[in-house]
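A.B. asks: 3D model of this:
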Amino acid sequence: MSDAPFLAEEANEAIEGLKEEIQSFRYDLHAVSIGSVTDVDESIVRISGLRNCMVGEMVRFENGTQGMVLNLEDDSVGAIVLGPHAGILEGSNVVALGRVMSVPVGMGLLGRVINPLGEPLDRKGVIAASGVRVVEQVARGIIERAPVTQPLYTGIKAVDALVPIGRGQRELIIGDRQTGKTTLAIDAIINQSRDDVLCVYVAIGQKLSSVARVVDTLAKHDALEHTAVVVAEASAPAALQYLAPYAGCAIAEALVEQGRDTLVVYDDLTKHAWAYRQLSLLLRRPPGREAFPGDIFYLHARLLERAGRYDVAFGGGSMTALPIVETQLGDMAAYIPTNIISITDGQLFLETDLFNAGVRPAVNAGLSVSRVASAAQSTAMRQVAGQIRLDLAQYRELVSFTQFGTDLDSASQAALDRGARLLELIKQNQHDLIEPQDQIAVFYAATHGYLNDVPLDDVARFESEFIRYIQQEAQGVRNAILFEQRLTPEIEQNLRMALDRFRETVWRQED
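C.D. replies: Numbering: from 1, shown residues only. So this is what the prediction gives:
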């Protein structure tokens with residue numbers, strides 16, 4: 001039997017359906033602002049004819065490349081190019097898109113490597129974003145904020161004890177090139193897997209090989225799964241390098257609005273300032289000190305002011321910012337370093353001489369400061385860290401005093417020996433992170449004389465052996481420190497007993 005009648009009936013139904021679709025179709029007219037390119041420069045395009053456009057508004061060129069309006073003048077608009085400008089020609093059309101620069105956000109970005117436009121760079125497929133967010137946002141007001149009192153542990157003894165960082169703080173990492181700035185920040189990210197803090201790492205002007213090493217390190221330590229990586233490499237247009245930190249900040253802000261604690265690393269803002277200076281000079285903005293434009297301070301202030309800890313009544317959550325700045329020959333008084341020092345809540349200064357002397361991390365405790373200070377430490381850490389600061393300060397004074405060849409009395413010599421052991425104690429290999437309760441136990445031993453007879457070369461071995469001992473034989477002491485968050489008389493007694501047993505059974509046997 002032929003199927004022709006059935007096929008004819010189906011065809012008629014399809015035709016009737018198409019007629020209904022055509023009759024119900026409505027095309028809504030809307031105005032589109034179109035201009036034309038008058039001048040093309042590296043990373044910069046001047047456009048005429050765009051009326052009623054906004055600063056930060058997106059535009060599309062004929063070759064499909066997107067741009068962003070940055071300058072509004074009487075008879076033209078200056079836009080930065082967010083991609084290849086090879087196909088942008090004078091006289092070609094430009095369409096204003098009617099929206100400001102945005103980036104995809106959401107939990108789907110964790111574990112991914114993207115550029116500042118939200119495009120994936122890791123060949124893992126489409127990003128499962130839950131929405132988009134404008135990259136430039138006004139910082140939330142003081143009424144919505146809460147005091148910074150909860151510690152953000154980095155796992156690094158020199159930081160957690162001497163220059164503590166709190167959740168919601170802005171702590172600058174500053175120093176010359178090749179002094180371990182990025183390593184310190186990456187260690188802080190790796191350590192957050194223990195505390196359920198979500199992280200964003202922003203690489204600005206870095207070599208792709210360096211970025212690949214960072215991503216590989218995060219993956220190797222199971223930290224990439226809670227980290228989003230935003231990359232504007234050295235070969236990327238200056239416009240993308242300029243947008244990168246704002247895109248990373250927007251990604252973190254979206255997580256904060258879900259009540260999560262976040263950590264953002266900007267690596268580094270020196271190259272970000274260079275990219276903005278390049279764009280500004282091409283846009284013919286008036287240069288100022290060191291050829292930077294006059295709004296370079298506001299550029300970083302409006303970025304870093306978005307970090308903070310927020311009241312539970314306004315959703316809770318926090319954003320901790322670790323901007324990195326590179327100095328030249330340790331000059332902290334240069335223009336960009338002083339700007340960012342005045343914006344942030346303290347700085348970790350990594351000194352070249354300490355780094356070359358084998359001190360890792362090369363944190364200069366004298367020039368490093370945290371304006372949140374002990375408010376961002378647990379009571380237990382505060383109990384042991386206060387004495388360490390005093391002993392190290394006394395040690396630095398005595399070291400400078402002994403340079404004159406002066407003989408020391410027995411008390412001064414004892415303080416010098418104690419300080420040398422403390423300095424040895426805060427040395428730490430990269431990615432070798434220590435939990436806060438173990439740090440407290442080790443610092444307690446140091447400040448109560450248990451290291452006085454330990455040879456200087458054996459301090460690191462004493463530390464590692466003691467930590468292994470309490471993890472295996474005195475877990476109750478560690479749990480008590482973690483639970484109480486302070487050293488009660490009972491905890492101190494148990495800790496001293498554990499130290500005595502360790503010295504009698506383990507340390508002496510090894511000696």
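
A.B. asks: remind me which residues of the chain are low pLDDT?
C.D. replies: Within the chain, the segments meeting pLDDT under 70 span 1-8, 27-31, 404-406, 509-511.

A.B. asks: need the longest helix for it.
C.D. replies: What stands out as the longest helix in the chain, according to DSSP state H, is helix 379-402.

A.B. asks: and the angle for the helix or strand that that one is followed by with helix 379-402?
C.D. replies: Once the chain leaves helix 379-402, the next helix or strand it forms, by DSSP states H and E, is helix 410-425. Computed with axes from the mean of the first three to the mean of the last three CA atoms, to 10 degrees, the direction of helix 410-425 lies at 120 degrees from that of helix 379-402.

A.B. asks: Give the other helices and strands that the longest helix of the chain contacts.
C.D. replies: For helix 379-402, the packing partners by 3 or more CB pairs under 8 Å, 6 or more residues apart in numbering; DSSP states H and E come out as helix 410-425, helix 436-447. For the C-beta atoms, the positions are set from N, CA and C on the backbone; glycine is no exception.

A.B. asks: and residue 320, what element?
C.D. replies: In this structure, residue 320 is located in strand 318-326 according to DSSP H and E.

A.B. asks: just the helices and strands packed on helix 379-402: most buried one?
C.D. replies: Counting by mean count of other CB atoms under 10 Å, helix 436-447 has the highest mean neighbour count of the helices and strands packed on helix 379-402, with a mean of 24.

A.B. asks: elements contacting that helix?
C.D. replies: helix 157, helix 379-402, helix 410-425, helix 459-473, helix 475-484, helix 489-502.

A.B. asks: what's the angle from the fourth one to helix 489-502?
C.D. replies: This means helix 459-473. Using the same axes, to 10 degrees: helix 459-473 against helix 489-502 is 110 degrees.

A.B. asks: just to revisit the earlier point, now for the helices and strands packed on helix 379-402, which one comes closest to residue 197?
C.D. replies: Of all the helices and strands packed on helix 379-402, it is helix 436-447 that lies closest to residue 197, at 13.9 Å by CB to CB.

A.B. asks: Report the backbone C-alpha coordinates of that closest one in CSV.
C.D. replies: What follows is helix 436-447, C-alpha atoms only, in CSV (Å, rounded to 0.1, in the frame of the first residue of the first chain):
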residue,chain,number,x,y,z
PRO,A,436,48.2,26.4,62.4
GLN,A,437,48.0,24.0,65.4
ASP,A,438,51.4,22.6,64.4
GLN,A,439,52.9,26.1,64.0
ILE,A,440,51.6,27.0,67.5
ALA,A,441,53.2,23.9,69.0
VAL,A,442,56.6,24.6,67.4
PHE,A,443,56.6,28.3,68.3
TYR,A,444,55.7,27.3,71.9
ALA,A,445,58.7,25.1,72.0
ALA,A,446,60.9,27.9,70.7
THR,A,447,59.7,30.5,73.1
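
A.B. asks: which residues touch it?
C.D. replies: With contact meaning CB atoms under 8 Å, 6 or more residues apart in numbering, helix 436-447 is reached by 151, 153, 157, 160-161, 378, 380-381, 384-385, 387-388, 391, 418, 421-422, 425, 434, 451, 463, 466-467, 470-471, 477-479, 481-482, 487, 492, 495, 498-499.

A.B. asks: Roughly how far does residue 382 sit from residue 332?
C.D. replies: Using CB to CB, to the nearest Å, residue 382 is found at 28 Å from residue 332.

A.B. asks: Which of those two has more residues huddled nearby?
C.D. replies: Neighbour tally, residue 382 and residue 332, criterion other CB atoms under 10 Å: the higher count belongs to residue 382, 19 against 15.

A.B. asks: Tell me the spacing between the nearest residue to the more buried one once chain neighbours are set aside and residue 353.
C.D. replies: Using CB to CB, 6 or more residues apart in numbering and skipping residues adjacent in sequence, the residue nearest residue 382 is residue 374, 4.9 Å away. Distance of residue 374 to residue 353, computed by CB to CB: 28 Å.

A.B. asks: out of the two, which sits in the busier spot?
C.D. replies: Higher neighbour count among residue 374 and residue 353: residue 374, with 16 against 11, using other CB under 10 Å.

A.B. asks: show me what contacts the more buried one?
C.D. replies: Each residue near residue 374 by CB under 8 Å, 6+ apart is listed here: 164, 382, 385-386.

A.B. asks: try 10 Å this time
C.D. replies: 151, 164, 166, 381-382, 385-386, 389 (CB atoms under 10 Å, 6 or more residues apart in numbering).

A.B. asks: Which ChimeraX command selects the buried ones in those?
C.D. replies: Selection of buried members from the contacts of residue 374 for ChimeraX, criterion 16 or more other CB atoms under 10 Å:
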select :151,164,166,381,382,385,389
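
A.B. asks: So which of the helices and strands packed on helix 436-447 is the most surrounded?
C.D. replies: Comparing these by mean neighbour count (mean count of other CB under 10 Å), helix 157 comes out on top with a mean of 24.

A.B. asks: Name the residues that touch that helix?
C.D. replies: For helix 157, contacts defined as CB under 10 Å, 6+ apart pick out 361, 363, 385, 388, 425-428, 433-434, 436, 438-439, 442-443, 463.

A.B. asks: Figure out how far stretch 463-480 is from the centre of its chain.
C.D. replies: Here the centre of stretch 463-480 is set off from its chain's centre by 32 Å, with CA atoms, centre = their mean, to the nearest Å.

A.B. asks: Ignore what I typed, I meant stretch 116-128.
C.D. replies: Chain-centre distance of stretch 116-128: 20 Å, with CA atoms, centre = their mean.

A.B. asks: try stretch 339-346
C.D. replies: On CA atoms, centre = their mean, the centre of stretch 339-346 falls 15 Å from that of its chain.

A.B. asks: Return the set of buried residues in stretch 263-277.
C.D. replies: Across stretch 263-277, burial judged by 16+ other CB under 10 Å covers 263-277.

A.B. asks: Let me know the secondary structure of the most centrally placed residue in the chain.
C.D. replies: Most central in the chain under CA atoms, centre = their mean is residue 265, positioned 1.1 Å from the mean C-alpha point. Using DSSP: H, G, I helix; E, B strand; the rest coil as the criterion, the local structure at residue 265 reads strand.
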